[in-house]
Each structure stands twice: as structure tokens, then as C-alpha cells.
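**Student:** predicted model and sequence below, questions to follow.
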Amino acid sequence: MIRIRGIYATALAGLLSDAGYGFSDVSDKTRERIPGIRVSKGGARVTVKDLEHHKGIMIVGGGEEFLSVYSLLHATLDIECSVVIKDGPYTVYRARVLESTKGGYIVELPARRRGYLRTFRTHYIGEPVTVHVVKPDLISPVLEEGVALSGDYVRIIEGGRHSVSEHIRDPQLVLELLTLASSYATGGWGVRFRSSSRSSDMVKILEELKSLVEEAKKVKARADKAQDPVLLREGESIAFVYFSTRSFDALDIIRRKYYPTGRSHHLVKSLGNEQLSNLVDEVEGKQEGVADFFQLYLDELKRVLSEALVRIVHEKPIGRGYSWQAKPLLTPEGFIRLEREIQTPGKYDGLNIGREKGDRIVTLAYPFSRFLLHQYFDREGNLKGIYVNLNTPLDVTLSPPGLWYLDVFLDVVWTPGEEPRIVDRAQFELLRATGLYPNVNLERYLDSAESLREILSKNPSTLLENPRTMVDLQERLWHEKTSNILDALKI
């Protein structure tokens, strides 16, 4: 069974219901909108919910049902990127401490992988330690100490405290559940009752609690005997699915089968603004034809760019991203101009040139741009270099307010007196090997990089004097109409 939460709930529940799936703990709105939806009191094996910035969804679960749900959504929605981590939350390892670091230790996992153990306890280098995953990552997951097992209704965590989900608000039920935990999970085991416990039979919850406690003891016994890094128990798998603008359109069409849905409904909802979301619901509730909400999106983009500073989130599908701030400006031609001044000297990565205090970086982009044109100037205004970042379409987010994109580890650089070159090719090939992006997208990014390199080779001033060249390139290679959006933003 599946549990769905978030701004995509109606569309995804309708799609999965039509495919024959049953659900656990669905909202009253979803029940009303989707006729024939099958709902049971059993625990959810798969959970689908929004990513924190609402630009996609997270799928969490185990076994064949997780793979089945993921495969259906992957095949149906035109996604930008998906990251599937088999060893997700509550995967238990015996690890080895490698080195001390801020807030914990770097530890060795099976197959020579590394992880970050977040702990206040003191360990010696080379010491074996039992850990479980709390924040999955393909490269370096975040770990905490002890055995942790997750079931349909409860989770068992070594050294944890008894607690209940914030969604369980009935005081009598909370008391009954905590009494169960105190009676049957002794000896240092903490019990976390999941939200599914509120609609289940107490006998089933107790059976699972007793079973998981016994299994946890066995896992701990095996862990205490292990001296080398080893997987002790598989946890949940997790998939991070990032939507494209075409995904939003597809979700609109699907949702429209069950409830009046305006154009750009999910695009506007993905902004994460409750007031805007309520406005969309109010307009659709009147059921007077198909509304078009795209102007609301553009208005929010203009509002974000009217601030003194804007935060740009540079997220990565593998590893940790970062964010940067700049002074924004919407140009008369509809381009987004972002300017920042360098405060500390150093070196520009990729360009391999010095970074001096007083340098300026001017970035040009446009709504849903797959390229960010960074121009580097010294304090006298002389051009030091050009760096074109390739990424998923530049999007607006209001939680927190700013701009967002997902990096694809492929960039084109140029410095005076040098030939332009494509950098980070090795990291890009890693993306190809892991299969995170659809192959057709990867080929388009490669073609884009080669085209940008050729443009810079012929005349580096072309992109600076005519940034519309990037728009034309995106429309030609990606078949995405962006020039009309620029026209709508012209002052």
C-alpha cells in the first residue's frame, strides 16, 4: 500500500489508483476526488512526498513495491533527473572509524565506501562501530550510532527515546502506544510510532513491535561479533525524483481527469507559497473553465528579482551543493542579471586564474535557462574569463525565496589567449554511468557544451553581446520554447 502527501497528491494518487495500487491513510480530499480509490487501514509500504523545495518528489519504501511505484512514475512523467539509493534510511552497517572530523567521524563502509558518522561519543581510529543511515547519499551517507529497524507501524532505534508521530494527536492513543513501548521495548531500545499507527489495529502494532525488538537484538548480536565493515540489515530504499517543466504539464493533465485543474497549476504550487496555493485552489474551486496560472509564476519571479539580494541554490544530484547570493536585475530584454563582488582573494575553479578582491562576477540567465553565463571582470572592468554552467532549467523557489537549479557537472570555460574548453567531463561521465539523467538529456547537454565551446572559439564576445544566442541554442537542441517567456518579461 502507498501513502501520498504533498502538492502532487491528487495527480499521483489518481495515476497509481488507475494502475491498481491500494492506499493507506489518504486525505479526505483525495478520497472525494478519485472515485474507486482503494483505501486500507494497513501500514504503508511506500511513501511518496514532496522534496523540501517542492521541485520533485521523494519515494521511500522497500522491496518490489518500491521499485514498481518508482518505475511507473519514471516511465509516465518526463523527469529531469532521479537518484535512487538502495541503501537508504535505517540501513544498518558495521563500520570502521577512519578519522576524526567536525561533529563526528569519517567511517569506512563495505566496498570501501565512506560515510559521515554524526556523534558526540569518543572513538579511536580503527575501532569497529555499529551505525545506521539517517541521510542517504550515493557518495557519503550521514550516519548515527546503533541498530535501527523500520516497520509498517513502528521503528526501533538503539539508545533512542519512545515517541510518537506528530500526526498522532489523540491523547488516549498516545498514552496506549507509549505504554506498549515501555512494556515490550526494554533494555535500551527506543520506539518511534509512525503515523500509520493511528489507523491500525493495536494487536497488529504490538505484533510488529515485538517482532522488530527481537530482530533488533539479533542484528546487534551479529554486529558485536563483526570486526570488518559489513552490511548487517537492509533498510528502506529512497528515490529523489526531480521534475521538468514538462513533468508539471503532465501532472496538470493527469489531475484534470479528477478535479478542475488550471494550466501551470503544479508549476505555481511548486513555488511553495501558501497564499498563492490557496488562490489557485480558490479559482479552481469555482470550476469556471480552465484557468491559466502562468502569469502568477512570472509575477513571483519578478518579485524575487526586485529584492536587493537573491539567493541562488546550486544543488547537485551527487554530493553536496552550495548557494550564493547576488544583486539581481531583470533587464529590458527579459534576461536575469546577477552581480556579485569578490571580497576575498584566491583562485577561480575551472578557469585556473587568480581571484582578487574587487573582482566582479556578472551572470546572465533567463527563466528555465539550461545555461548560466558567468562573466569575470577585474576591478577596472577588464574581462578575465567566461564560465558557462550547464544545469537543469533555472527555477523559482519561495522556500526560501530565490532561484534554484540542479547542476549536471558539465561546464564550458574560456580565458583570454586560451582556447575554450569543456571541463568536469569526468564527473559528467559519472552521471552517465549512474544513469541518473535520461540518456536523451545527457546527449543534449553534451551537444550544448560542444556548441557553446564552438561559439566561444569563433568569437567570445558573441554570448556577451547577444545572450539570446543561448536561448536559440536551447530551443534548437531541447525543443523548449523559451523566447516567448523572455518576451513576456520585457520591460
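**Tutor:** Cool, got the structure.
**Student:** residues contacting residue 461?
**Tutor:** Contacts for residue 461 (C-beta atoms under 8 Å, 6 or more residues apart in numbering) come out as none. Where you see a C-beta, it was placed from the backbone N, CA and C, and this is true even at glycine.
**Student:** so which bits of stretch 212-222 are buried?
**Tutor:** Applying a neighbour-count criterion of 16 or more other C-beta atoms under 10 Å, one finds 212, 213, 216, 219, 220 buried in stretch 212-222.
**Student:** and of these, the nearest to residue 288?
**Tutor:** residue 212 (52.0 Å; C-beta to C-beta).
**Student:** gap between that closest one and residue 196?
**Tutor:** Separation of residue 212 from residue 196 (C-beta to C-beta, to the nearest Å): 14 Å.
**Student:** could you do residue 348 as well?
**Tutor:** Per C-beta to C-beta, residue 348 is found 51 Å from residue 196.
**Student:** do the same with residue 363
**Tutor:** For residue 363, the distance to residue 196 equals 46 Å [C-beta to C-beta].
**Student:** so for those two, which sits in the more crowded spot?
**Tutor:** Set side by side, residue 363 and residue 196 give different neighbour counts by other C-beta atoms under 10 Å, the larger being at residue 196 (24 against 19).
**Student:** what sits against that one?
**Tutor:** Each residue near residue 196 by C-beta under 8 Å, 6+ apart is listed here: 3, 24, 25, 42, 43, 44, 152, 153.
**Student:** confirm that it sits in a helix.
**Tutor:** Yes. With DSSP: H, G, I helix; E, B strand; the rest coil as the criterion, residue 196 is located in a helix.
**Student:** not counting sequence-adjacent ones, nearest residue to it?
**Tutor:** Computed as C-beta to C-beta, 6 or more residues apart in numbering, the closest residue to residue 196 that is not its neighbour in sequence is residue 43, at 4.3 Å.
**Student:** quick one: neighbours of the one you found, just the number.
**Tutor:** Counted by other C-beta under 10 Å, the residues lying close to residue 43 total 22.
**Student:** surely it meets residue 153?
**Tutor:** Yes. Taking contacts as C-beta atoms under 8 Å, residue 43 lies within contact range of residue 153: 5.1 Å.
**Student:** list residues touching both of those two?
**Tutor:** Taking C-beta under 8 Å, 6+ apart as the contact rule, the neighbours common to residue 43 and residue 153 are 194, 196, 200.
**Student:** closest one to residue 261 out of the residues you listed, please.
**Tutor:** Distance to residue 261 across the shared contacts of residue 43 and residue 153 (C-beta to C-beta) is lowest for residue 196, with 28.9 Å.
**Student:** which other residues reach the strand or helix carrying residue 396?
**Tutor:** Counting by DSSP states H and E, the element that carries residue 396 is strand 395-398. Contact with strand 395-398 is made by 53-55, 270-273, 297, 300-301, 304, 313, 368, 402-405, as judged by C-beta under 8 Å, 6+ apart.
**Student:** moving C-terminal of that strand, what's the next helix or strand?
**Tutor:** Using DSSP H and E, the helix or strand that follows strand 395-398 towards the C-terminus is strand 401-414.
**Student:** using the three-state scheme, assign residue 433.
**Tutor:** Reducing the assignment to helix, strand or coil with three-state DSSP, the entry for residue 433 is helix.
**Student:** pLDDT value on it, please?
**Tutor:** You'll see residue 433 listed with a pLDDT of 82.
**Student:** what do you get for residue 250?
**Tutor:** 96.
**Student:** wait, what's in contact with it?
**Tutor:** Neighbour list for residue 250: 76, 77, 78 [criterion: C-beta under 8 Å, 6+ apart].
**Student:** how does it look with 6 Å?
**Tutor:** residue 77 (C-beta atoms under 6 Å, 6 or more residues apart in numbering).
**Student:** tell me the secondary structure at it.
**Tutor:** For residue 250, the secondary-structure state derived from three-state DSSP is helix.
**Student:** quick check: the gap between it and residue 483.
**Tutor:** According to C-beta to C-beta, residue 250 stands 23 Å off from residue 483.
**Student:** residue ranges of the helices in the stretch 201-350 of the chain, please?
**Tutor:** Remark: helices assigned in the stretch 201-350 of the chain by DSSP state H, counting those that start in this stretch are 202-225, 245-256, 265-269, 274-285, 294-305.
**Student:** from the chain's centre, how far out does the third one sit?
**Tutor:** For helix 265-269, the separation from the chain centroid amounts to 17 Å (computed by C-alpha atoms, centre = their mean, to the nearest Å).
**Student:** I'd like the numbering to begin with 442 instead of 1 from here.
**Tutor:** Got it, the first residue is 442 from now on, which makes the last one we talked about helix 706-710.
**Student:** packing partners of it?
**Tutor:** helix 686-697, helix 715-726, helix 735-746 (3 or more C-beta pairs under 6 Å, 6 or more residues apart in numbering; DSSP states H and E).
**Student:** any weak-confidence spans in this structure?
**Tutor:** Within the chain, the segments meeting pLDDT under 70 span 932.
**Student:** near the residue nearest to residue 708 when sequence neighbours are not counted, how many other residues are there?
**Tutor:** With C-beta to C-beta, 6+ apart as the criterion, residue 708 has its nearest non-adjacent residue at 4.5 Å, and that residue is residue 689. One way to gauge burial is a neighbour count; for residue 689, by other C-beta under 10 Å, it gives 23.
**Student:** hang on, residue 689 packs against residue 709?
**Tutor:** No. Counting by C-beta atoms under 6 Å, residue 689 does not reach residue 709; the two are 9.1 Å apart.
**Student:** by neighbour count, which of the contacts of residue 637 wins?
**Tutor:** Neighbour counts for those were taken using other C-beta under 10 Å; the highest belongs to residue 594, with 26 neighbours.
**Student:** OK, contacts around that one?
**Tutor:** For residue 594, the contacting residues are 484, 635, 637, 638, 641, 646, 649, by C-beta under 6 Å, 6+ apart.
**Student:** so how far is residue 605 from the second one?
**Tutor:** Read that as residue 635. Counting by C-beta to C-beta, the separation of residue 635 from residue 605 is 9 Å.
**Student:** residue contacts, residue 699?
**Tutor:** Counting by C-beta under 6 Å, 6+ apart, residue 699 touches 455, 474, 475.
**Student:** kindly report the same for residue 444.
**Tutor:** For residue 444, the residues meeting the contact criterion (C-beta under 6 Å, 6+ apart) are 465, 466, 485, 488.
**Student:** can you put the residues you listed in TSV and add distance to residue 824 and secondary structure?
**Tutor:** Conversion of these to TSV gives the following (distance: C-beta to C-beta, whole Å; DSSP: H, G, I helix; E, B strand; the rest coil):
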residue	distance to residue 824	secondary structure
465	59	strand
466	58	coil
485	56	coil
488	50	strand
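**Student:** got TSV for the residues you listed, with distance to residue 889 too?
**Tutor:** Converted to TSV, these look like this (distance: C-beta to C-beta, whole Å):
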residue	distance to residue 889
465	43
466	44
485	41
488	36
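**Student:** helices and strands around the host helix or strand of residue 541, which ones?
**Tutor:** Of the helices and strands defined by DSSP H and E, residue 541 is found in strand 533-542. If you count contacts as 3+ C-beta pairs under 6 Å, 6+ apart, strand 533-542 packs onto strand 545-549, strand 569-576, strand 671-674.
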